[in-house]
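[1] this one's sequence-less:
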């Protein structure tokens, strides 16, 4: 009889422990850090991305900076029907143009930001005509020095996938700013396209 009572007690204790483990896991999942996955193909609009640039003065147009532009276009496109076109007058051998977006994540925490995207170059070149740059941080990037080089823009003729990874300490706002673009390395006007942007924050 005592053996049966002990077995029942052990079974109940095991069941309680199992339930507590399940509850603990559920609470940890609910209140713990969440992984964020964001994808943008620019099919409907800019998806909240904003164009920005840090460019030099135009010596041929007093009081003005060199021209740059960020626009949504239908050709070329990596997938779907649209991509984002980045243009900059690089004849002063300087300047960076990019798109940026703010995302919300966990506050006061260490997070890893992984940004990947496709870039289209009209031609392949051994010369470094432009650098592909990326950024992830807790504030809005304003100058080209804040963006890090992730590769060459003319590695191939056509589309190529690029990736930028950064580990950050978020503040009380939980804001993470992401940017990607091109930076002039050759004295010429240049146009590139970007598509299929993917951002994950863990």
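    Arrived safely, thanks for sending. Source: prediction; values computed, not measured. Numbers count the residues shown, from 1 in each chain.
[2] all helices of the protein, in order?
    2-31 (DSSP state H).
[3] Now the most centrally placed residue in it: closest residue in space, sequence neighbours ignored.
    In the chain, the C-alpha nearest the mean C-alpha coordinate belongs to residue 115, at 3.6 Å (CA atoms, centre = their mean). Closest residue to residue 115 apart from its sequence neighbours, by CB to CB, 6 or more residues apart in numbering: residue 164 at 4.6 Å. Bear in mind the C-beta positions are built from the backbone N, C-alpha and C, glycine included.
[4] still on that earlier bit, could you check how far the residue nearest to the centre of the chain is from residue 141?
    Look at residue 115 and residue 141: by CB to CB, to the nearest Å, they are 13 Å apart.
[5] before we move on, the earlier item: and the residue nearest to residue 115, what is it in contact with?
    Counting by CB atoms under 8 Å, 6 or more residues apart in numbering, residue 164 touches 114, 115, 116, 134, 135, 136, 148, 150, 180.
[6] Pass me the low-pLDDT residue ranges in this structure, would you?
    For the chain, residues meeting the criterion pLDDT under 70 lie at 1-34.
[7] Could you chop it up by domain?
    Domain ranges of the chain: 1-32, 36-201, per automatic domain parsing.
[8] how far out from the middle of the chain is the last one?
    If I follow you right, that is domain 36-201. 9 Å (CA atoms, centre = their mean, to the nearest Å).
[9] what's the first-to-last distance across it?
    Terminal residues of domain 36-201 are spaced 5 Å apart (CA to CA, to the nearest Å).
[10] surely residue 111 meets residue 105?
    Yes - here residue 111 lies in contact with residue 105, judged by CB atoms under 8 Å, at a distance of 5.6 Å.
[11] ok, what's across the strand from residue 88?
    Judged by DSSP bridges, the bridge partners of residue 88 are residue 68, residue 190.
[12] give the contact list for it.
    53, 55, 66-69, 95-97, 182, 184, 189-190.
[13] tell me the contacts of the closest residue to residue 127 other than its chain neighbours?
    Counting by CB to CB, 6+ apart, residue 186 is the residue found nearest to residue 127 once chain neighbours are left out, at 6.2 Å. By CB under 8 Å, 6+ apart, the residues touching residue 186 are 90, 93, 127, 128, 129, 130.
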